[in-house]
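Engineer: could you look at this predicted model? Sequence included:
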Amino acid sequence: MVKLGVLDQVFVGEGKTAAEALKESTRLIRAAESFGYSRFWVSEHHGMRAIAFSSPEVLIAHLAAATSRIRVGAGGIMLPHYSAYKVAENFRLLEALHPGRIDLGLGRAPGGMPISTKALQENKYVDVNQYPQQVSDLIGFLYEAMPAGHPYEKLLAAPSISTAPEIWLLGSSDESAKIAAQLGTSYAFAEFFGTPGGREAIRYYLEHFEPNPLLPNRPRTMIATIAVCAETEEEADRLAKSADLLFLGVRTGKEMPFLPSVQTAVDYPYSNVEQVLVREIRQRRAVGTPDQVKERLLKLSEEYNAEEILINSPIHDERARIRSYELIAEAFGIRD
């Protein structure tokens with residue numbers, strides 16, 4: 001059976017504050033752990049009012065301390081902004097504090113608008129083409145195994161520990177799949193972005209995977225998707241309207257400053273073109289009863305050849321959101 005995890009972008013719900021959204025995330029990970037989910041990832045975005053945070057490392061430390069078993073990770077760290085050395089130091093510390101529970105997902109997207117990228121990279125020249133080398137260096141730092149002759153061969157990324165976080169390369173195109181295959185890392189595809197080519201990217205990764213002696217010696221695949229579950233199809237459809245409007249704004253360049261309530265989404269004056277876009281967006285979602293959502297997720301797992309699925313459920317009402325994850329866990333029988 002496919003393994004299930006949670007992706008929490010920590011949206012700030014309409015009428016709520018960022019501090020309240022972060023408290024909701026803490027309650028959600030505790031619930032997810034009790035439901036039997038395998039891992040809980042948080043993303044990296046900058047300068048977006050609809051998202052409550054921008055520093056996944058800090059939030060991971062808090063969420064891991066609030067739980068005891070579930071894996072906690074970044075989905076992901078946008079590595080070109082940073083030094084591979086500093087990222088290794090941060091995640092070795094997290095792994096030392098919570099051994100065997102930390103995941104390090106890596107991406108190369110900016111995670112924000114050009115102005116936030118400029119502020120993050122102030123007065124630095126960043127060549128995204130160096131991303132594969134950055135990942136390779138990061139692996140070397142995490143395992144204290146820099147190649148002989150490397151400028152940082154003898155440099156320690158403290159603390160020195162015997163374990164390392166799981167490394168996943170994230171992507172919404174085939175380029176990251178190629179790098180993951182070459183470097184022997186695990187690979188996760190952002191299916192909910194809606195970009196084409198995900199099945200082909202994973203197929204390439206699986207066919208061209210080259211084992212890395214420092215990492216698990218087999219390919220591992222995951223997709224991240226959006227799912228909204230309720231006892232009835234009608235209620236699931238109603239709850240999903242918040243995400244419909246939120247991602248419509250992303251699609252059309254009219255990003256909202258919050259995750260809208262269901263009522264705001266219902267009252268929104270959709271144009272004919274926007275109605276078509278919403279229908280297209282919905283086709284990529286798993287929305288419905290537990291049986292319907294399970295069927296959709298299993299189909300996605302089969303189509304993408306994915307061992308794991310990270311579920312993102314942008315539901316405005318906190319109780320309904322937690323219940324959505326609970327119903328999915330019950331449908332898959334993963335609850336302890």
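Structural biologist: Great, that's in hand.
Engineer: tell me which residues of the helix or strand in which Leu327 is found are tucked away?
Structural biologist: Take DSSP states H and E as the rule and Leu327 turns out to sit in helix 318-332. For helix 318-332, a neighbour-count test (16 or more other C-beta atoms under 10 Å) marks 318, 320-329, 331-332 as buried. (C-beta placed from N, C-alpha, C; glycine too.)
Engineer: tell me which strands and helices that helix is in contact with?
Structural biologist: Using 3 or more C-beta pairs under 8 Å, 6 or more residues apart in numbering; DSSP states H and E, the elements in contact with helix 318-332 are strand 3-8, helix 18-35, strand 221-229, helix 233-252, helix 290-304.
Engineer: just say which of these is most tucked in.
Structural biologist: Using mean count of other C-beta atoms under 10 Å, the stretch among the helices and strands packed on helix 318-332 with the largest mean neighbour count is strand 221-229, at a mean of 26.
Engineer: quick check: angle from it to helix 318-332?
Structural biologist: Using axes from the mean of the first three to the mean of the last three C-alpha atoms, to 10 degrees, the interaxial angle of strand 221-229 with respect to helix 318-332 works out to 120 degrees.
Engineer: that older thread, looking at the helices and strands packed on helix 318-332, which is closest to His45?
Structural biologist: In terms of C-beta to C-beta, the element of those nearest to His45 is helix 233-252, at 11.1 Å.
Engineer: pLDDT of the helix or strand just after the closest one, averaged?
Structural biologist: Sequence-wise, the next helix or strand downstream of helix 233-252 (DSSP H and E) is helix 262-267. Averaged over helix 262-267, pLDDT sits at 98.
Engineer: I figured Arg220 hits Tyr187, correct?
Structural biologist: Yes - look at Arg220 against Tyr187 with C-beta atoms under 8 Å: they come within range, at 7.2 Å.
Engineer: who has more neighbours, these two?
Structural biologist: Tyr187 (26 against 19; other C-beta atoms under 10 Å).
Engineer: name the SS class of that one, please.
Structural biologist: Here Tyr187 is strand, with the state taken from DSSP: H, G, I helix; E, B strand; the rest coil.
Engineer: quick one: contacts for it?
Structural biologist: Tyr187 sits next to 168-169, 171, 176-177, 180-181, 202, 205, 219-222 when contact means C-beta atoms under 8 Å, 6 or more residues apart in numbering.
Engineer: so which of these sits lowest on pLDDT?
Structural biologist: When it comes to pLDDT, Gly171 is the least confident member of the contacts of Tyr187, at 92.
Engineer: isn't it up against Ala181?
Structural biologist: No - with contacts defined as C-beta under 8 Å, Gly171 does not count as touching Ala181, sitting 11.2 Å away.
Engineer: of the two, which one has the most company?
Structural biologist: Taking neighbours as other C-beta under 10 Å, Gly171 and Ala181 compare with Gly171 leading, 28 against 20.
Engineer: got the contact list for the more buried one?
Structural biologist: For Gly171, the contacting residues are 107, 177, 180, 187-190, 201, by C-beta under 8 Å, 6+ apart.
Engineer: pLDDT of the helix holding Leu327, averaged?
Structural biologist: In this model, helix 318-332 carries a mean pLDDT of 98.
Engineer: got it, and stretch 101-116?
Structural biologist: Along stretch 101-116, the predicted confidence averages to a pLDDT of 86.
Engineer: next: stretch 74-86.
Structural biologist: On average, stretch 74-86 scores 95.
Engineer: endpoints of that stretch, how far apart?
Structural biologist: For stretch 74-86, the first-to-last residue distance is 15 Å (C-alpha to C-alpha, to the nearest Å).
Engineer: and it, what's buried?
Structural biologist: Going through stretch 74-86 with 16+ other C-beta under 10 Å, the ones that come out buried are 74-82, 84-85.
Engineer: for stretch 58-77, same thing?
Structural biologist: Judged by neighbour count (16+ other C-beta under 10 Å), stretch 58-77 contains these buried residues: 59-61, 63-64, 67, 70-77.
Engineer: nearest to His98 among those?
Structural biologist: Ala64 (4.3 Å).
Engineer: quick check: phi and psi at the closest one.
Structural biologist: Summarising the backbone geometry of Ala64 under the convention degrees, to the nearest 10, its torsions are phi -70, psi -40.
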